[in-house]
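Colleague: sequence-free structure coming up:
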């Protein structure tokens, strides 16, 4: 059993390492990091005794490590796994897998939407529209795309946006190296997409007309900070009369002497001029030289239910941060799960909450831990 402050473990589901977990109607959907594991569907009605209902597979060299559900539909990504050196099947195409989950124990594949290149990395899904980051013909790096899944068997692109310089086929030329500026994933709130753009920071897109997303503003702090921007999470309520985005950098692709990634509060009351006003790092992480990648920040819970935000913090496990004072984010609870078998340290990759208030912490090496606030 793991240990923590202000948090206790309720249950554990032993599974292959994962990239994302979502929970709906006491069913957990887990996207796995590496084939042959694709997506697991798990009954968590009794959180002390999770029960696997079904597992979908993926071919070698590919993965479907992201998953979303809504309106009886499950969407998973299909992507080349560049960390997997095994050769891909000749017929593999990246994109999306779209499933009917009216019976979660018997998911039915409705459509494989295919694209070129690596496929789709991360995405949001509201039960109708998917807001995603595919690779497309004629572009360098992933771009932002809106897909209508009203008819899941016939997904239809509504609109796309890319950072000027990505559209090589249109004569544009990037000012960055390779795919350094690329869409990581968009998150929708109202008529805006808050879209992380890796080493291009994040952008706010106006999607009042979904066919023609328009840039409202952007903010990029790399350099001087070494880590790419992973998530731009809009807070769906005002705090002290102002509006904010919680921005998480990902602790990868940095020199070992650089500081591990941390998270920021960005004031977007005037959304044309985003202003960083606060930051957070786990106590004790800074000041330790030569720390390996995947020590610091990774991903906040994208389901915001209040000013306490659960965060998956790679080697630091689960951290609950209180953002009620945006200028002084503080930790109010934490939990360190057991080190997974076959690993030398914890690698907390994703976190979500369910309607009961339970918190689900997914390790990228192995295991899904279920905890609750005490």
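Modeller: Cool, the structure landed. Source: prediction; values computed, not measured.
Colleague: What count of nearby residues applies to residue 89?
Modeller: Residues contacting residue 89 under the criterion other Cβ atoms under 10 Å number 10. In short, each C-beta sits where N, CA and C put it, glycine included.
Colleague: From residue 34, how far out is residue 50?
Modeller: Distance of residue 50 to residue 34, given as Cβ to Cβ, to the nearest Å: 21 Å.
Colleague: cool, and residue 368?
Modeller: Applying Cβ to Cβ, one obtains 15 Å for the distance of residue 368 from residue 34.
Colleague: Likewise for residue 62?
Modeller: 9 Å.
Colleague: what is in contact with these two at once?
Modeller: 81, 84 (Cβ atoms under 8 Å, 6 or more residues apart in numbering).
Colleague: buried sites along stretch 347-362?
Modeller: Buried residues in stretch 347-362, counted by 16 or more other Cβ atoms under 10 Å: 347-354, 358-362.
Colleague: Now, those that are in strands?
Modeller: In this view, the buried residues of stretch 347-362 that belong to strands under DSSP state E are 348-353, 359-362.
Colleague: Throw those into JSON lines and include distance to residue 19, thanks.
Modeller: Output for these, formatted as JSON lines (distance: Cβ to Cβ, whole Å):
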{"residue": "348", "distance to residue 19": "12"}
{"residue": "349", "distance to residue 19": "6"}
{"residue": "350", "distance to residue 19": "6"}
{"residue": "351", "distance to residue 19": "12"}
{"residue": "352", "distance to residue 19": "12"}
{"residue": "353", "distance to residue 19": "18"}
{"residue": "359", "distance to residue 19": "17"}
{"residue": "360", "distance to residue 19": "13"}
{"residue": "361", "distance to residue 19": "13"}
{"residue": "362", "distance to residue 19": "8"}
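Colleague: and which of those residues is nearest residue 278?
Modeller: Among these, residue 351 lies closest to residue 278 (Cβ to Cβ), at 20.5 Å.
Colleague: rewinding a little: looking at the buried residues of stretch 347-362, which two lie furthest apart in space?
Modeller: Among the buried residues of stretch 347-362, 347 and 354 lie farthest apart (Cβ to Cβ), at 22.4 Å.
Colleague: I'd like to know which elements the worst-scoring helix or strand of the chain on mean pLDDT is packed against.
Modeller: Across the helices and strands of the chain, mean pLDDT, DSSP states H and E gives its lowest value to strand 3-5, namely a mean of 90. Using 3 or more Cβ pairs under 8 Å, 6 or more residues apart in numbering; DSSP states H and E, the elements in contact with strand 3-5 are strand 330-336.
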